[in-house]
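Visitor: when you get a sec, could you give me coordinates for this:
(one chain, ligands or ions: 1)
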Amino acid sequence: MHPLEQLRDDALREIEAASDEQALEATRIKYLGKSGSISAWGEQMKTLGKEERPVIGRLLNETRNAVTVAIEKRAEILRSQKESVALAGIDISLPGVTVPSAYSGYSGYSTRSIALTGYSGYLPLERGSRHPLTQMLQQSIQIFRRMGFSLADGPDIEDEWHCFDALNTPPDHPARNEQDTFYLPDGRLLRTHTSTVQIRAMESAPPPLRVIAPGAAYRRDEIDATHSAQFHQIEGLYVDENVSVADLKGALEFFLRELFGPETDVQFRPHYFPFTEPSLEVYMRSKALKGGERWIEVAGCGMVHPAVFEAVNKARSDKAYDAEKWSGYAFGLGMDRLAMILFDIPDIRLFAQNDLRFLRQFA
Ligand code: PHE
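Guide: Residues are numbered from 1 along each chain as shown. Below you'll find the model as predicted:
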C-alpha cells in the first residue's frame, strides 16, 4: 500500500470517529490544513522525478477529494444530530395562541411571550380534526387502493349526457324528473350519482380500467334523519377481460369486512338499474355494531350494461369498449350511510350542521 493510501484510510477512520464539530475540525486541520499531512505531500511533489509525478499526483488528488467529501458528509450528519437534540426539548404539539389583529403588529409582545405570561384576551388556538365523513372516505379509499383501484374525478355540475343518457337512462326515466334532480337554467344539473365519473373515466382511457370516484351527489329528497339533498358516494368501476359477478361480490364483501370487521354479513338482492345488467342491491349487517342485527342497504351494483359501453365508444369515436371482449362491474356506495353505521350517528343532518359538539366527538 502506498503511504498516501495509508494516510487516506487513517483520515477516513478519524473522520468517522469525530463525535462533534470541534473534533471534526481538528481532523480537518491535521490532514488538509496548511501544514497538514496531505498538504505536506503537495510540497513533496516538487522533489519527485518526471515519471513518478503524474502517478503520485493523481493519487494525491484522489486522497484529497475523498477526505474532503468525507468531512462534508460527517459535518452534515453532526449538524442534523445537533438539530434533533435541540428539537427534542420542544413540544411542537403544544397549542399556540391567536393574537387579536390589533395587537399582532405590536413589537413589544411576541406570540410566545403572550403565551408565557398568560396575558388574557388571547385565545388559545384550538387543534382541528377531520370531519367524520372525510375520515370515512379516507379509510374507504385506502381499502380500495390496496385492491388496485386508482382515483378518478369529475365535476359536481354535470351535463345530462354524462348523468343519464350515457348511462342508458332515457329521457322519460323518472330519475330525470325535475322533482328528483336540481337543474341549472342552462340545462346542466347537479349530478345525482357519481356514476358520471364511470363515463368520464372510460372516455379518457381504454380498458383495462379500475377506478373509484369518491364525491358528493345531489337529489331533491325530502330531508329527514336519513335523507339529505347532498350526500356522498364512492363509485367503483372495473373493466377487464372475463370480469364476473363473482369478482364484484368478492370485492364488495372484502371492502365491507375490512371496514366493519370479519363478522360482517353481506347480502346481494336483485334490483334494477338502467346502466347495469344484472343489477343488485347490497345489504349488510354486523353483530359487532350497535343495532347490527338489522340488514341495511349500503350500495347498488351490477355488471356494466353493453349500452353504456356503446355510448362511450360513440363519444370516443372508436371501439375500445367492445362488449364482446370486455366486461365490467360497477358499484355505488353510500358513504353517509356507512359513516352513520360505523360511528353510530342517528341523523344524517348532523353531517352538515357544523355543530362543534357533534364534530368534536370524532377528533
Ligand atoms: N348510481 C347508483 C345510485 O346512485 C348506484 C350504482 C352504481 C348502481 C353503479 C349500480 C352500479 O343509486
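Visitor: for the stretch 101-250 of the chain, give me the ranges with low pLDDT.
Guide: Within the stretch 101-250 of the chain, the stretches with pLDDT under 70 are 101-126.
Visitor: report how many residues lie close to the residue in it positioned nearest to the ligand.
Guide: Per Cβ to the nearest ligand atom, the residue of the stretch 101-250 of the chain with the smallest distance to the ligand is His193, at 3.4 Å. The C-beta positions use only the backbone N, C-alpha and C, and glycine is treated the same way. His193 is flanked by 23 other residues according to other Cβ atoms under 10 Å.
Visitor: go on, Ala18?
Guide: By the other Cβ under 10 Å criterion, the neighbourhood of Ala18 contains 20 residues.
Visitor: what do you get for Leu137?
Guide: Residues within reach of Leu137, counting by other Cβ under 10 Å, total 20.
Visitor: that one: what secondary structure?
Guide: For Leu137, the assignment made with DSSP: H, G, I helix; E, B strand; the rest coil gives helix.
Visitor: pretty sure Arg176 is touching Thr169, no?
Guide: Yes - contact criterion Cβ atoms under 8 Å: Arg176 and Thr169 qualify, at 6.8 Å.
Visitor: looks like the residue of the stretch 101-250 of the chain closest to the ligand contacts His232 (just checking).
Guide: No - His193 lies out of contact with His232 (Cβ under 8 Å); the separation is 10.9 Å.
Visitor: quick revisit: now the residue nearest to the residue of the stretch 101-250 of the chain closest to the ligand when sequence neighbours are not counted: how far from Glu263?
Guide: Excluding its sequence neighbours, the residue lying closest to His193 (Cβ to Cβ, 6 or more residues apart in numbering) is Ala217, at 5.1 Å. Distance, Ala217 to Glu263, by Cβ to Cβ, to the nearest Å: 30 Å.
Visitor: between these two, who's got more neighbours?
Guide: For Ala217 versus Glu263, neighbours defined as other Cβ under 10 Å are more numerous around Ala217 (22 against 12).
Visitor: where does the prediction get shaky in the stretch 251-363 of the chain?
Guide: Residue ranges of the stretch 251-363 of the chain with pLDDT under 70: none are present.
Visitor: out of Arg176 and Thr169, which sits in the more crowded spot?
Guide: Using other Cβ under 10 Å, the more surrounded residue of Arg176 and Thr169 is Thr169, with 21 against 18.
Visitor: isn't that one up against Asn177?
Guide: No - if you go by Cβ under 8 Å, Thr169 and Asn177 don't touch, sitting 11.5 Å apart.
Visitor: surely Glu258 is in contact with Phe144?
Guide: No - contact between Glu258 and Phe144 fails when scored by Cβ under 8 Å: they sit 9.6 Å apart.
Visitor: mind listing what's buried in the longest helix seen in the chain?
Guide: Taking DSSP state H as the criterion, the chain has its longest helix at helix 52-88. Along helix 52-88, these residues count as buried under the neighbour rule (16 or more other Cβ atoms under 10 Å): 56, 59-60, 63-64, 67, 70-71, 74-75, 78.
Visitor: just send those residues back as JSON lines, with distance to Thr47 and pLDDT too.
Guide: Shown next, in JSON lines, are these (distance: Cβ to Cβ, whole Å; pLDDT from 0 to 100):
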{"residue": "Ile56", "distance to Thr47": "11", "pLDDT": "90"}
{"residue": "Leu59", "distance to Thr47": "16", "pLDDT": "92"}
{"residue": "Leu60", "distance to Thr47": "13", "pLDDT": "93"}
{"residue": "Thr63", "distance to Thr47": "18", "pLDDT": "94"}
{"residue": "Arg64", "distance to Thr47": "19", "pLDDT": "94"}
{"residue": "Val67", "distance to Thr47": "22", "pLDDT": "96"}
{"residue": "Ala70", "distance to Thr47": "28", "pLDDT": "96"}
{"residue": "Ile71", "distance to Thr47": "28", "pLDDT": "96"}
{"residue": "Arg74", "distance to Thr47": "33", "pLDDT": "96"}
{"residue": "Ala75", "distance to Thr47": "34", "pLDDT": "96"}
{"residue": "Leu78", "distance to Thr47": "37", "pLDDT": "94"}
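Visitor: quick check: residues of this protein near the ligand?
Guide: 193, 195, 235, 273, 276, 300-302, 330-332 (Cβ under 6 Å from any ligand atom).
Visitor: of all those, which two lie farthest apart?
Guide: Taking Cβ to Cβ, the two most distant members of those are His193 and Gly302; they sit 13.1 Å apart.
Visitor: still on that earlier bit, so between Glu258 and Phe144, which is more surrounded?
Guide: A direct count of neighbours by other Cβ under 10 Å for Glu258 and Phe144 places Phe144 higher, at 22 against 17.
Visitor: output the helix or strand in which that one is found in CSV with nothing but the alpha carbons.
Guide: Phe144 is located in helix 132-146, with elements delineated by DSSP states H and E. The C-alpha coordinates for helix 132-146 follow below in CSV (Å, rounded to 0.1, in the frame of the first residue of the first chain):
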residue,chain,number,x,y,z
PRO,A,132,-66.3,12.1,10.2
LEU,A,133,-67.3,11.9,6.6
THR,A,134,-63.8,12.8,5.5
GLN,A,135,-62.4,10.1,7.8
MET,A,136,-64.8,7.6,6.4
LEU,A,137,-63.9,8.5,2.8
GLN,A,138,-60.2,8.3,3.5
GLN,A,139,-60.5,5.0,5.2
SER,A,140,-62.5,3.6,2.3
ILE,A,141,-60.2,5.0,-0.3
GLN,A,142,-57.3,3.3,1.4
ILE,A,143,-59.0,-0.1,1.3
PHE,A,144,-59.8,0.3,-2.4
ARG,A,145,-56.3,1.4,-3.2
ARG,A,146,-55.0,-1.8,-1.7
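Visitor: noted, bye for now.
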